[in-house]
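# sequence and predicted structure, then a few things I'm wondering about:
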Amino acid sequence: MEACDDIAYSVLDAEDIVKKGLASFHDLVNHLEYYMTCKKGQDCAEQSAKFEVINKVLESSKRMHDEFSNPSLNLTPAELNDVSMQMFRVHAIGQLVSGVTEAFKEQIDKLTSESCTIKDLMSLSKGSELCGALKSFDLKWGYKNKTVLKLELQGHNYIHGLMDMLWVGIHGRLSSTDKKASGTPFGKYAYGKISENYRRVFEDKDNNLP
């Protein structure tokens with residue numbers, strides 16, 4: 001399940017970022033190619049082997065992108081971004097699933113052992129570099145984008161505002177002498193908006209929960 005989460009979030013978040021216009025398909029390609037650049041002091045042959053899965057995905061995606069760029073298809077830049085990312089998603093998920101499956105088969109004895117210490121299957125697979133590269137793309141272009149951060153802040157405020165509203169109704173039930181909370185139509189309305197099953201537990205006299 002953890003490997004499934006790694007695959008789904010790393011790939012689908014990248015697709016969402018491109019679909020929402022926060023980055024383009026070319027931005028993703030450039031990011032992955034830069035990610036694979038042999039850094040000073042590193043063994044380039046070893047690095048090349050590590051990035052084999054990224055290369056496979058890029059080659060397939062670029063080939064499909066070139067086909068979609070055919071003028072006869074008359075795709076707009078936004079549509080080209082969309083279909084290119086859809087194909088990228090297919091190739092990327094396929095490679096990551098294949099890598100994890102292979103790693104699982106190779107490590108099956110350790111994984112089924114009571115003394116298993118493996119905590120991250122993805123890191124043992126051939127797709128680990130691709131997954132890591134996608135996560136770094138998602139962080140740079142998505143999670144740190146101003147519009148995304150603004151939405152998160154708004155969501156935070158809405159949730160806290162909602163909880164404050166519900167607390168007016170809850171607190172009124174806790175203290176019957178608090179007429180300000182329990183005696184107002186708003187307090188009763190707020191309390192009534194809480195799911196009935198939660199209210200039943202809350203009102204149970206034998207319930208000793210804090």
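Done, it's in.

# stretch 57-71: which residues count as buried?
Residues 57, 58, 60, 61, 64, 65, 68 are the ones in stretch 57-71 that count as buried (16 or more other C-beta atoms under 10 Å). C-betas here are computed from N, CA, C, even on glycine.

# got the contact list for that stretch?
By C-beta atoms under 8 Å, 6 or more residues apart in numbering, the residues outside stretch 57-71 that reach it are 25, 29, 32-33, 75, 80, 83-84, 87-88, 91-92, 95, 130.

# now with 6 Å?
Stretch 57-71 has contacts (C-beta atoms under 6 Å, 6 or more residues apart in numbering) with 32, 80, 83, 84, 87, 88, 91, 92, 95.

# with stretch 131-145 instead?
Stretch 131-145 is contacted by residues 6, 10, 13, 14, 17, 22, 23, 31, 32, 35, 122 when judged by C-beta under 6 Å, 6+ apart.

# residue 126: which of the buried residues of stretch 57-71 is nearest?
Nearest to residue 126, judged by C-beta to C-beta, of the buried residues of stretch 57-71 is residue 57 at 11.5 Å.

# coming back round to it: quick one: which two of the contacts of stretch 57-71 are the most distant?
Farthest pair in the contacts of stretch 57-71 (C-beta to C-beta) is 80 and 95. Separation: 22.4 Å.

# which of those two has more neighbours?
With neighbours defined as other C-beta atoms under 10 Å, residue 80 and residue 95 compare such that residue 95 has more, 23 against 16.

# correct me, but the more buried one touches residue 54?
No. In this structure residue 95 lies outside contact range of residue 54 using C-beta atoms under 6 Å: 8.7 Å.

# same question for the helix or strand harbouring residue 97, mean pLDDT?
Assigned by DSSP states H and E, residue 97 belongs to helix 77-106. Computed over helix 77-106, the mean pLDDT rounds to 92.

# and stretch 1-18, by the same measure?
94.

# over to stretch 47-57?
Across stretch 47-57, the average pLDDT comes to 86.

# quick one: end-to-end length of that stretch, please.
End-to-end distance for stretch 47-57: 16 Å, by C-alpha to C-alpha, to the nearest Å.

# residues of stretch 147-164 that come out buried?
Buried-residue list, stretch 147-164, by 16+ other C-beta under 10 Å: empty.

# now it - C-alpha only, PDB.
What follows is stretch 147-164 as a C-alpha-only set of coordinates in PDB (Å, rounded to 0.1, in the frame of the first residue of the first chain):
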ATOM      1  CA  THR A 147      -1.800  29.700  -5.600                       C
ATOM      2  CA  VAL A 148      -1.600  26.200  -3.900                       C
ATOM      3  CA  LEU A 149      -0.300  27.800  -0.700                       C
ATOM      4  CA  LYS A 150      -3.100  30.300  -0.800                       C
ATOM      5  CA  LEU A 151      -5.700  27.600  -1.200                       C
ATOM      6  CA  GLU A 152      -4.200  25.600   1.700                       C
ATOM      7  CA  LEU A 153      -4.400  28.800   3.900                       C
ATOM      8  CA  GLN A 154      -8.000  29.400   3.000                       C
ATOM      9  CA  GLY A 155      -8.800  25.800   3.700                       C
ATOM     10  CA  HIS A 156      -7.100  26.000   7.100                       C
ATOM     11  CA  ASN A 157      -9.200  29.100   7.900                       C
ATOM     12  CA  TYR A 158     -12.500  27.600   6.700                       C
ATOM     13  CA  ILE A 159     -11.900  24.400   8.800                       C
ATOM     14  CA  HIS A 160     -11.100  26.300  11.900                       C
ATOM     15  CA  GLY A 161     -14.100  28.600  11.400                       C
ATOM     16  CA  LEU A 162     -16.300  25.600  10.900                       C
ATOM     17  CA  MET A 163     -15.000  23.900  14.100                       C
ATOM     18  CA  ASP A 164     -15.500  27.200  16.000                       C
END
